[in-house]
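can't give you the sequence, but here's the structure:
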């Protein structure tokens, strides 16, 4: 049993480390290229009206 518990602990540590490193790297890369999730909703909407879902009324400038 002692060996199995050690293997589980090592697997959890490796998985947690990879998640932390890759998640941080992904966030850093997206931040560096100035990607923001709310930009997906800007531009032309499905009905062809310029603006976007999250853009306040009266503002059409991007």
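Yep, it's here. Bear in mind that the values here come from a model prediction, so they are computed numbers and not experimental data.

show me where this protein has its strands.
For the chain, the strands defined by DSSP state E cover 42-44, 50-52.

least reliable of those strands by average pLDDT, please.
Between these, the one with the least mean pLDDT is strand 50-52; it has a mean of 51.

can you pull out the low-pLDDT segments for this structure?
Where the chain drops to pLDDT under 70, the residues are 1, 37-62.

from residue 20, how far out is residue 8?
19 Å (C-beta to C-beta, to the nearest Å). C-beta coordinates here come from the backbone N, C-alpha and C atoms, glycine included.

next one: residue 36 from residue 30, what distance?
In terms of C-beta to C-beta, residue 36 sits 9 Å off from residue 30.

these two: which is more packed in?
residue 30 (12 against 9; other C-beta atoms under 10 Å).

contact partners for the more buried one?
Contact analysis of residue 30 by C-beta atoms under 8 Å, 6 or more residues apart in numbering lists nothing.

cool, thanks, talk later.
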